[in-house]
Each structure stands twice: as C-alpha cells, then as structure tokens.
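Visitor: build me a model from this:
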Amino acid sequence: MKKLIPLLSLVLLAACDKKESSESGESENILENLTYTVDTVVVDAGDDLFNLKWGMRWFERSADGKSLFLHDSDRSLFQEIDLEQMTLKENYPFDQVGPNGTGRVNSYQIQPDRSILIPSFQNPGIFNLQGEQIRSFNLKPIELKGAEAINGFAILNQMRWNTTTEKLYSLPGDITTGKFEFAITDPNAQTVQIFPLVDMEKSQKFRVTQVEGDGGAAFTEIYKLTQFKNNYIITCSVGSGIYLYDTSSDRLTYVDFPHKLIPKEKSGEIKNDVSSSQEWYEEYRKVVGQITYWEMNWDEASSKFYRLASRSLLGENRDDPSSYEVYLLIYDEKFSLLGETRLEGYNEFPRSYFFKDGKLYSYVNIEDELGFAVFTFNI
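Guide: Numbers count the residues shown, from 1 in each chain. Below is the predicted model:
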C-alpha cells in the first residue's frame with residue numbers, strides 16, 4: 001500500500017452552535033468539539049489501470065465492507081479493490097450481449113455471496129464473478145401486475161435484491177416531475193406494490209426545468225435507496241427526514257430529525273418551468289444554495305450512521321467561483337441524532353464518498369491514479 005500523503009498540514013477545528021447541556025453536564029452534541037485531519041491514499045493498481053474518465057461514478061462496496069467494486073463500462077468489467085491494503089485485487093470481465101449479456105449497466109448491487117445484481121433493461125438478473133447469469137428474474141416491467149400507473153421500466157431504478165424476502169426493492173419515478181415512489185417487486189409472482197412517499201413530495205416544488213428557448217436542462221432533488229441490515233432507508237435531498245421500510249412487518253415509516261444547526265428542509269418559492277439557460281441557472285442557484293441532505297451511511301465498526309449535508313454557494317454567473325458548506329451529522333442505530341457540526345476549513349463537497357471505520361473516504365484523481373482523501377474524525 002502506498003503511504004498516506006498529507007493533504008492538510010493542520011488539524012482543523014470544526015465549530016458548531018452551542019447547545020444546552022444535559023442534566024449530567026455533558027453536551028448533547030458529540031461533535032461539539034470535533035477535530036479532524038485529512039490525508040490522501042493512492043490505490044496501487046499494479047500493472048493494470050483504473051478508467052477515471054467518469055471519475056468513480058459507478059461503485060459499490062461488498063457486504064462485509066472490505067472491498068470496493070468499480071464498473072468500467074468501456075471495458076465491460078468489474079474491478080475489486082481491497083480497502084484494507086488499498087490495492088487492485090482482481091478484474092472480472094463481463095459480456096454485454098449474448099446469453100450472459102449484462103446490457104448497459106446503470107447500477108448494480110454486490111450480494112453477500114459476492115454475486116452481483118445487475119438490473120439492466122435487457123436482462124435483469126444476478127451474475128457470478130465469472131460473468132455468468134445464475135438467476136434471471138424474467139421481468140417484463142411494463143407487464144408487471146400493479147405497475148399500470150407508472151412507467152414500467154422505471155421500476156429498475158436503484159433496484160436492490162433481498163435474499164431473505166426473495167423480493168426486489170426500487171425507487172421508480174419521473175424526473176420531469178421530481179416525484180418518486182417506493183416499489184416492492186415479487187419476481188416469482190411478477191407483481192409489484194407501489195408505496196407513495198407523501199412526506200417527500202415537497203421535493204417537486206424545487207424542480208427546475210428549462211422547457212423552451214436556447215436549450216434544455218432539468219434539476220430534481222435526489223432520492224436514494226439504501227439497505228440497512230434486512231431493512232431499507234429512503235432519503236431525499238430536499239430534507240432531513242427519512243422513510244424506513246421494515247421487511248418483517250411490511251411497514252413504511254417516516255422519521256424526522258430535530259436538527260438545530262441547519263434547517264431541516266428547503267423552503268421558499270421556486271419557478272419550476274423557465275425558458276432560458278440563464279433563468280434556469282438563477283432558479284437552480286436558489287435551490288442548491290439551501291441545505292441539501294445526503295444519504296445515510298451505516299458504519300459497522302462504530303455502530304453509527306454518518307451523513308453529510310451541504311450548501312452550494314454559487315456565483316451570480318456560471319463562470320464565477322463557487323464553494324461549499326459541508327456538515328457532518330451522526331445518528332445511532334435507532335436514528336436518534338447524536339451530533340451535528342460544520343466541517344470548518346473544508347469548502348468542497350466530497351465526491352463519490354463512503355464511510356469506513358468511522359472515517360470518510362472521498363474520491364480524488366491524483367495524476368490519473370485513483371485516490372481517496374481520508375478524513376479522520378477525533379470525536
């Protein structure tokens with residue numbers, strides 16, 4: 001493994017708002033006196049290489065958290081990185097066409113047995129690392145019973161497979177409206193249940209679409225489906241609240257959080273349909289200048305959820321310099337808020353990031369080599 005390269009020479013103090021102490025005299029905010037350091041580690045690819053043309057756009061961690069899988073669409077292969085040694089462990093070539101063809105890979109999920117769910121339009125199913133499809137779901141999305149009211153192929157969006165329930169979970173939606181729903185597909189019965197996400201429908205108020213004029217552009221809030229043990233968490237960037245789906249009770253519950261340091265959701269009036277690129281940018285700037293909440297990241301080593309929130313501080317014109325405010329949020333296993341703070345001294349948003357052993361790993365390109373900025377938090 002290549003040695004850590006100092007990225008910031010100083011230990012940075014992350015300040016946060018002062019809160020009333022509990023009866024025990026201890027702070028209710030475990031991040032109140034947070035300090036952190038940042039180093040950079042480079043992944044050793046040996047005699048091979050990583051295709052960083054699109055950055056680290058397609059990646060997924062193994063169920064045990066020890067490996068990270070990248071998909072190289074140009075070479076139609078998966079690459080496994082050993083996160084303990086920070087080395088390229090193995091390449092796994094796949095076919096795009098034919099009986100074991102993956103089709104176009106837009107998303108995937110590494111299973112506990114290291115097989116891969118690839119929910120492609122052409123051939124959704126589970127593949128082993130030798131590139132063989134070991135289970136076909138035979139899905140015909142537009143013919144699924146219960147999917148009549150939605151765009152059938154949208155059922156594949158962020159699809160996840162649960163080996164215990166033998167069902168598929170996904171977030172079908174419409175990018176033109178910004179409305180998404182939660183879907184549970186039974187591939188054996190070829191049926192689907194659709195659950196509305198009512199408390200997140202406010203996201204539609206912050207859609208910005210250029211419908212005519214000198215081009216076209218669209219912005220919608222980001223929904224994310226994450227598996228936590230045998231259950232599922234749905235987040236939306238419009239606010240801090242989450243949906244939790246319990247597979248044992250078949251219950252979908254909305255959970256809100258009492259954040260004090262930052263607003264719990266976006267607010268105000270946004271013009272949704274505009275006619276010029278400048279007008280689109282002006283409305284987009286209003287939206288992303290507000291607080292944006294990102295997905296929940298469960299860290300097994302520390303038994304905590306880590307989450308980032310951010311504000312994008314854009315200039316009046318597209319070419320003006322921009323910066324970010326980045327916030328770290330921590331919750332316990334029962335989704336109680338433990339701490340919140342701004343990462344003072346850090347004004348970029350982490351790219352393609354994940355949490356491991358209580359540390360934040362953010363993708364960086366170091367002279368066309370794959371690297372990570374590693375944030376070590378001293379709580």
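
Visitor: and the pLDDT for the residue nearest to Leu77 when sequence neighbours are not counted?
Guide: Closest residue to Leu77 in three dimensions, ignoring its sequence neighbours and counting by CB to CB, 6 or more residues apart in numbering: Pro93, at 4.5 Å. For glycine as for every other residue, the C-beta is placed from the backbone atoms N, C-alpha and C. Pro93 carries a pLDDT value of 98.

Visitor: what about Pro93, how many residues nearby?
Guide: 12 (other CB atoms under 10 Å).

Visitor: what sits against Lys179?
Guide: 173, 201, 203-204 (CB atoms under 8 Å, 6 or more residues apart in numbering).

Visitor: distance of it from Trp280?
Guide: 20 Å (CB to CB, to the nearest Å).

Visitor: quick one: which of the contacts of Lys179 is nearest to Val238?
Guide: When these are compared for distance to Val238 (CB to CB), Ser203 wins out at 4.1 Å.

Visitor: which SS class is that closest one?
Guide: With DSSP: H, G, I helix; E, B strand; the rest coil as the basis, Ser203 sits in helix.

Visitor: OK, contacts around it?
Guide: 178-180, 220-221, 223, 236-238.

Visitor: what of Gly241?
Guide: Contacts of Gly241 (CB under 8 Å, 6+ apart): 199-200, 254-257, 264-265.

Visitor: same thing but at 10 Å, please
Guide: Gly241 makes contact with 199-200, 202, 234-235, 254-257, 264-265, 293 under the criterion CB atoms under 10 Å, 6 or more residues apart in numbering.

Visitor: okay, and Leu244 sits in which element?
Guide: strand 242-246 (DSSP states H and E).

Visitor: note down every partner strand of that strand and its orientation.
Guide: Strand 242-246 pairs in its sheet with strand 231-236 (antiparallel), strand 251-255 (antiparallel), by DSSP bridges.

Visitor: what's the burial count for the closest residue to Gly125 other than its chain neighbours?
Guide: Among residues not flanking Gly125 along the chain, Ser136 sits closest, at 4.3 Å (CB to CB, 6+ apart). Applying other CB under 10 Å, we find 12 residues neighbouring Ser136.

Visitor: what do you get for Asp82?
Guide: When neighbours are counted by other CB under 10 Å, Asp82 comes out with 16.

Visitor: Ser249 now?
Guide: Neighbour tally, Ser249, other CB under 10 Å: 9.

Visitor: do you know how far it is from Ser62?
Guide: From Ser249 across to Ser62, the span is 28 Å (CB to CB).

Visitor: all helices of the stretch 201-350 of the chain, in order?
Guide: Under the criterion DSSP state H, counting those that start in this stretch, helices of the stretch 201-350 of the chain are mapped to 277-288.

Visitor: low-confidence regions, it specifically.
Guide: 214 (pLDDT under 70).

Visitor: all strands of it, in order?
Guide: 208-210, 217-219, 223-228, 231-236, 242-246, 251-255, 273-274, 292-293, 297-299, 304-313, 323-331, 337-342 (DSSP state E, counting those that start in this stretch).

Visitor: hmm, back to that, show the pLDDT at the residue nearest to Gly125.
Guide: For Ser136, the pLDDT comes out at 94.

Visitor: residue contacts, it?
Guide: Ser136 touches 99, 123-126, 187, counting by CB under 10 Å, 6+ apart.

Visitor: most neighbours among the contacts of Gly241, please name it.
Guide: Tyr293 (29 neighbours).
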